[in-house]
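In: Take a look and give me a structure for this.
(chains A and B)
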There are 2 protein chains.
Amino acid sequence: MTSLTIALDVMGGDFGPRITIPAAQRALEHNPRLHFLLFGHQAEIAPLTDRLDSELQSRVQIIHTEKTLNSDLPFLQAIRQSKGSSMRLAIEAVAKGEAQGCVSGGNTGLLMGLAKQLIEPLPNIDRPALTSLIPTMNGKSSVMLDLGANVEADSKLLCQFAEMGNIFAQVMLDLVFPRLSLLNIGTEENKGSPQTREAHQQLKLTNHLNYQGFIEGDKLMNGIADVIICDGFSGNIALKTMEGAAKNILSFFKKPTEESNLCRQTKRLLLRAIFYRYYRKLQQINPDRHNGATLLGLSSVVVKSHGGASNNAFFYAIDHAISQIEHKIPERISRGLEKLE
Amino acid sequence: MTSLTIALDVMGGDFGPRITIPAAQRALEHNPRLHFLLFGHQAEIAPLTDRLDSELQSRVQIIHTEKTLNSDLPFLQAIRQSKGSSMRLAIEAVAKGEAQGCVSGGNTGLLMGLAKQLIEPLPNIDRPALTSLIPTMNGKSSVMLDLGANVEADSKLLCQFAEMGNIFAQVMLDLVFPRLSLLNIGTEENKGSPQTREAHQQLKLTNHLNYQGFIEGDKLMNGIADVIICDGFSGNIALKTMEGAAKNILSFFKKPTEESNLCRQTKRLLLRAIFYRYYRKLQQINPDRHNGATLLGLSSVVVKSHGGASNNAFFYAIDHAISQIEHKIPERISRGLEKLE
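Out: Here you go, the predicted structure:
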C-alpha cells in the first residue's frame, strides 16, 4: 500500500487550525494511506494534533512557520512577500515532490498565482481553470469550469477548458462521452458575448467532444450537462449564486429561530419522517459536500477550499484532493491532450 | 379616476393567448382603471375574451394581426421584418401615446431592439438596462440591473445603471438612500474585471449615492443591498441561476411524483401545518411573484415577461408594469438625472 501525502496550508481560510486540523483528523481516520504535511504555526497546531491517537500522529508532520499570507496587500506585493508563508510552503512541497497535492482555504488569487509560478503547467494549456463539481437535482454532480481563475477568457481558452473538463468528468464522474455545454444568456446562436459565440462555433466542429450547445443559468442544477464551461467571472458568480440560494433555502430547515428546543426538534423529526426522500435530496445539494475547487491545468493537484468552510466542508475539500491524486487527474489530462496533437 | 392603458403583446411568450389573456383578465378584475390594447390574432383571442363579463370586455380592445416575430432569424433581419407584428404594434402604441406601457413575453433582444428604436430614450442614458425586483430571504425585494440588455458594460454605463437603480429602488421599494452594490467575484478592491473595478472607484466618489462596495453571488438574496448593479451577461446568469435553484428546491414541495393523490395531499397539508412560517417564506421567494423585467432608461414603461411564464407569473409582469406607470418611473428617473447635471 503506497502512501499518499497532502501538503496542508493549515493557516489558510477564515478559521485556520481550528477548522483545518479537525478536518484533517477525519480524513486520516477515513484513509489509512493518508499522510499530512501541516504548514503553519506550531503553537497553534500542536495542541490540536497532540489530542490525536498515536497512529494518526505518526502520519502528520508539522512544518512550523509564523508567516501567513497577507491578502490585503496588492496582488504582486503579496506574491513578492509570500516567501516562507504557510500557503507558499505547502505549494513548494508539492513542487518538490514531497507531497502529491495541496489543499488551502487561503486567498484564491494568491493560491493560483503561486501555484502557476511554482508548479509546472501542463503542455497545451495557456492558463489553468478553477474547476469544481456542482450538485445536481438528481443527486449526482456536474463539472463546472472556470470558477474564477480567469476573469476573462477568449474562445481558445474556453475550448481548452472544454478539453480539460471533458477528461475530468470522464474520470471523476465515470462517464463515457460526457455532455458539454457553454454557459450563456440564451440558447440561440446569436446570444452572448463574442468569445462565447466563437467558442460555440469551434466546439461544434470537434468530433471527439460531445458538445451540446449553450446552457442557461436556470438549468445548471438540472443535470442536463456533465461539463459546464464558462469564463471565470460569470462562472464564479453563477456558482456563488447557486450556493447562496441553496444555503438560504436549506437554512429554513435548520434555524427555527425563537422556538423552544423541543418544539424545534419535534418539527425537524416530523419533517424528516414525512419528507424523508426530499430531505435526503436537500442534503445532497448541500454545498458542503461539493467544497473544493481544483486548479485544473497544472501538473499536480492543487485544491482550494472555501475560506469560510466548516470542518465538514473542509473535509470534503481534502477528500476531493485525495480522489484526484488517486485518479491521477493531471497525468490523464496531459495524455488526453497529447493524443489530440 | 383617470384610466390606465397597457398594450399587450398577446402572442409573445411560449404559450401565447392561453396564458396572456387569463392573466390580463385577472389584472382587469384587480384594477378597475385598467384597459388593455390586445395585439394578436383575433381568431385566437376572441374566444377567450368573449368569455369575459361585459364590464371587463368594455375595457379591452383587440387589434388584429396575423404576424408574430420570428426570433429564429438573425437579429437585424428579424427587426427588419418586424413591421405589423404583435410585439412591434404594442410598442408602437406606447410610442404614439395610445398606451402608457407595454408588456411582452417575446424575445428579449428583439423587444429591446424595437423599444430602443421606437421609444424615446431618457437623456443622459447611453443604453437602457433590463431591471427587475429579485426576492430576498427577509420577504422583501432588491433591484437588480442589468439582466441581459447589455452583454458588456463599461464603467460609465455601470454608473448610469447605479443612478437609475437608485431612483427605481427609492420609488418602487419606498426607500430613502437605498444601499447600492456592484456584483463581483470578491469584495477586495483588486477583484474582478477592469470595468467593475473602475466603476467601483467612480461610485465610491459619489456623494448622493449610498454605495456600499462589491457584493458576491451568494449574498444576492440576503437583502444586504437594495440595488445590485452588473453587466447584462453576468446579471442574466446570476438571475437565472438563482431562479433555477429556487424553482428546483420549491419543486420538492410540489411534485411528490409517483405517490397517490391522497398521500400527496396529506403530506402537503401536514407540511403546511407544521411549517407554516417556512412555507410562507418559500412562497415569498417564488420566482413567479417577481416575473417582469423593465427596460429602464426609456421614456415609457416596457416590461418583459419570462417567455415560459405561467398565467400567475404573467399576471405579476402586468402588475409590475401598472405599478411603474402609476409611480411615473420614467419621469422620476429623468428628473433625478437632470438634477445631477
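In: Give me every residue in the stretch 1-150 of chain A lying close to chain B.
Out: Contact residues, the stretch 1-150 of chain A versus chain B (Cβ under 8 Å from any Cβ of the partner chain): A:71-72, A:74-75, A:108-109, A:137, A:148. The way it works is simple: take the backbone N, C-alpha and C, and place the C-beta from them, glycine included.
In: Buried among those? Need that as a selection in ChimeraX.
Out: Remark: buried members of the residues of the stretch 1-150 of chain A next to chain B, expressed as a ChimeraX selection using 16 or more other Cβ atoms under 10 Å in any protein chain shown:
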select /A:71,108,109,137,148
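In: Using TSV, please lay out the residues of the stretch 1-150 of chain A next to chain B together with pLDDT.
Out: Listed next are the residues of the stretch 1-150 of chain A next to chain B as TSV, based on pLDDT from 0 to 100:
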residue	pLDDT
A:S71	76
A:D72	77
A:P74	81
A:F75	83
A:T108	86
A:G109	86
A:M137	84
A:G148	91
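In: Could I get the full set of strands for chain A?
Out: Using DSSP state E, the strands of chain A run over A:4-9, A:34-40, A:60-64, A:101-104, A:129-135, A:141-145, A:179-183, A:210-215, A:227-229, A:293-296, A:301-304.
In: mind exporting the fourth one as CSV, just the C-alpha atoms?
Out: The C-alpha trace of strand A:101-104 is given here as CSV (Å, rounded to 0.1, in the frame of the first residue of the first chain):
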residue,chain,number,x,y,z
GLY,A,101,-1.2,17.6,-3.8
CYS,A,102,-2.0,20.5,-1.6
VAL,A,103,-5.2,22.0,0.0
SER,A,104,-5.7,25.6,1.1
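In: List phi and psi for the closest residue to chain B within the stretch 51-200 of chain A.
Out: Among the residues of the stretch 51-200 of chain A, A:I185 lies closest to chain B, at 4.0 Å counting by Cβ to the nearest Cβ. Backbone geometry at A:I185, expressed as degrees, to the nearest 10, gives phi -100, psi 10.
In: Mind pulling up the pLDDT for it?
Out: Looking at A:I185, its pLDDT is 94.
In: what about the residue lying closest to it once chain neighbours are set aside, neighbour count?
Out: Leaving aside its chain neighbours, A:I185 sits nearest to B:N236 (4.0 Å; criterion: Cβ to Cβ, 6 or more residues apart in numbering or on different chains). Neighbourhood size, B:N236 [other Cβ atoms under 10 Å in any protein chain shown]: 27.
In: Repeat that for A:T65.
Out: Counted by other Cβ under 10 Å, the residues lying close to A:T65 total 19.
In: give the contact list for A:K116.
Out: By Cβ atoms under 8 Å, 6 or more residues apart in numbering or on different chains, A:K116 lies in contact with A:127-128, A:298.
In: ok, and the most crowded of these?
Out: Going by other Cβ under 10 Å, A:P128 tops the contacts of A:K116 with 25 neighbours.
In: How far off centre is stretch A:159-166?
Out: Here stretch A:159-166 is found 16 Å from its chain centre; the criterion is Cα atoms, centre = their mean, to the nearest Å.
In: about what we covered before: quick one: the residue of the stretch 51-200 of chain A closest to chain B and B:I237 touch, right?
Out: Yes. With contact defined as Cβ atoms under 8 Å, A:I185 counts as touching B:I237 (6.3 Å).
In: Spit out the residues that contact the two alike.
Out: With Cβ under 8 Å, 6+ apart as the test, A:I185 and B:I237 both reach A:E216.
In: So the two - more neighbours on which side?
Out: Neighbours of A:I185 and B:I237, each counted by other Cβ under 10 Å, are more numerous for B:I237; the result is 29 against 26.
In: For the more buried one, which non-adjacent residue is closest in space?
Out: B:I237's closest residue in space is A:G217 (Cβ to Cβ, 6+ apart), at 4.4 Å.
In: now do A:D154
Out: That would be A:Q195: by Cβ to Cβ, 6+ apart, it lies 5.3 Å from A:D154.
In: For that neighbour, give its distance to B:R335.
Out: Going from A:Q195 to B:R335 by Cβ to Cβ, to the nearest Å gives 39 Å.
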